[in-house]
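[1] Provide a 3D model corresponding to the input given below.
(one chain, ligands or ions: 2)
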Amino acid sequence: MGCKRGTIDEVTSPCIDAGDPMSPIGLEPFPNGGIINMGAYGGTSEASKSYFGKPVCETIVAGDINGDCEINFKDFWFIALHWLGNP
Ligand SMILES: [Ca+2]
Ligand SMILES: [Ca+2]
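    Numbering: from 1, shown residues only. Ligands and ions are numbered 1, 2, ... in the order given. As a prediction, this is how the structure comes out:
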């Protein structure tokens, strides 16, 4: 993996959302992509925010789990992934 400890790149970091999908997001600020970041800051309030190639939506839509401003199968996938799961 190209995710080196201490690498901080707000936009292109391969660490963003590269953690275990089953791990709790922790304190990652929204939008956090629905997946914990890899690296020293993953799951903390210092984690890099996910980047979707467009400005972050200003209104947080209920049901938009990963914060890409759209409610689609990806959000359902995140819900299903953690459905009845142990945090
Ligand atoms: Ca994340
Ligand atoms: Ca979404």
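
[2] What is the burial count for the residue nearest to Ala18 when sequence neighbours are not counted?
    Take Ala18 and drop its neighbours on the chain: the residue closest to it by CB to CB, 6 or more residues apart in numbering is Met38, 3.9 Å away. C-beta: built from backbone N, CA, C; applies to glycine. Met38 has 22 neighbouring residues, counting by other CB atoms under 10 Å.

[3] before we move on, what about Phe76?
    Phe76, neighbours per other CB under 10 Å, totals 12.

[4] Which secondary structure state is assigned to it?
    When classified by DSSP: H, G, I helix; E, B strand; the rest coil, Phe76 comes out as helix.

[5] Going forward, the N-terminal residue is numbered 220.
    Renumbered: residue one is now 220, and that last one reads Phe295.

[6] any idea how far it is from Gly286?
    15 Å (CB to CB, to the nearest Å).

[7] Can you show me the helices along this protein?
    For the chain, applying DSSP state H gives helices covering 292-301.

[8] Quick check: residues of it near ligand 1?
    236, 247, 251-252, 256 (CB under 5 Å from the ion).

[9] Among those residues, which one lies nearest to Ser267?
    Asn256 (6.3 Å; CB to CB).

[10] Before we move on, what's the pLDDT of the nearest residue to that closest one once chain neighbours are set aside?
    Among residues not flanking Asn256 along the chain, Ala266 sits closest, at 4.8 Å (CB to CB, 6+ apart). Ala266 is assigned a pLDDT of 91 by the prediction.
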